[in-house]
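Undergrad: Sharing a sequence plus its predicted fold:
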Amino acid sequence: MQVLGRDLGRTDYQTTLAAMQTFTANRTAETPDECWLTEHDSVYTLGLNRQGTRLPDNAIPVVPVDRGGKITYHGIGQVIIYVLVDLKRRQLNVRQLVQIIESSMIELLAGYDISADTKKDAPGVYVWVDGEQQKIASLGLRLKNQCSYHGLSLNVDMDLSPFSAIDPCGYAGLQMTQTKDLGIEKTPRELGQALMQLLKEKLAHV
């Protein structure tokens, strides 16, 4: 089963969230699965597991959202791919979908000789920098009627400083990194297109 890819360019977070929710609520058994590639202006998103979250003390808006997880940051220079998939039709469970998303990002980085890995209890993708494990990509999903929305974020060429105002994904002291700082000279759009293609191919073969 093929997956449609849409390059939305730069979008407003809340507008795109509403579009995902509408797409998911209105889809039928025949609706094709889609991946949406985008970048967002600066915004913190606060997931459903928000108890005890350290909120930022700055002017960047904080938007409560309906995905799992805690708080994260999105900004220009970060690749976002929203994954709108009918899990029942593809006979996937949510853990398998997470593994497909994570392995796509690991494979993308491996193409640039960057070794990346996952953590058992902390979804996302991590790399070692100067002997320290740092996070380069995050993910969070929501299921409705066994259909997913939300997705992944990969740090490419952005201002990482807003992450320091929060405990990213609930982990105090977690350091963030990005592909530019690892020597990958590709734009967010270039890496985003390549990552979306990898993700589409993996989904098409399950």
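TA: The structure has been received and is ready for your questions. Keep in mind the model is a prediction, meaning the values are calculated, not measured.
Undergrad: What residues does the most centrally placed residue in the chain make contact with?
TA: Centroid-nearest residue in the chain: L152, 1.2 Å away (criterion: CA atoms, centre = their mean). Contacts of L152 were listed using CB atoms under 8 Å, 6 or more residues apart in numbering, and they are V79, I80, I81, V83, I101, M105, A137, S138, L139. Where you see a C-beta, it was placed from the backbone N, CA and C, and this is true even at glycine.
Undergrad: Top of those residues by number of neighbours, please.
TA: Greatest neighbour count in the contacts of L152, by other CB atoms under 10 Å, goes to A137: 30 neighbours.
Undergrad: got the contact list for it?
TA: Going by CB under 8 Å, 6+ apart, A137 touches M105, G124, V125, L152, S153, L154, N155.
Undergrad: give me the element it is part of.
TA: strand 132-144 (DSSP states H and E).
Undergrad: Could you do A19 as well?
TA: Assessed by DSSP H and E, A19 sits inside helix 13-26.
Undergrad: Now find how far off-centre that helix is within its chain.
TA: Distance of helix 13-26 from its chain centroid, counting by CA atoms, centre = their mean, to the nearest Å, is 16 Å.
Undergrad: Which positions within it qualify as buried?
TA: Buried residues in helix 13-26, defined by neighbour count with 16 or more other CB atoms under 10 Å: Y13, T16, L17, A19, M20, Q21, F23, T24.
Undergrad: what angle do it and strand 132-144 make?
TA: When axes from the mean of the first three to the mean of the last three CA atoms, to 10 degrees is applied, the directions of helix 13-26 and strand 132-144 differ by 40 degrees.
Undergrad: for helix 13-26, what is the average pLDDT?
TA: For helix 13-26, mean pLDDT is 98.
Undergrad: Does anything pack onto that helix? Which helices or strands?
TA: Using 3 or more CB pairs under 8 Å, 6 or more residues apart in numbering; DSSP states H and E as the contact test, the elements touching helix 13-26 are strand 33-40, strand 62-64, strand 78-84, strand 147-155.
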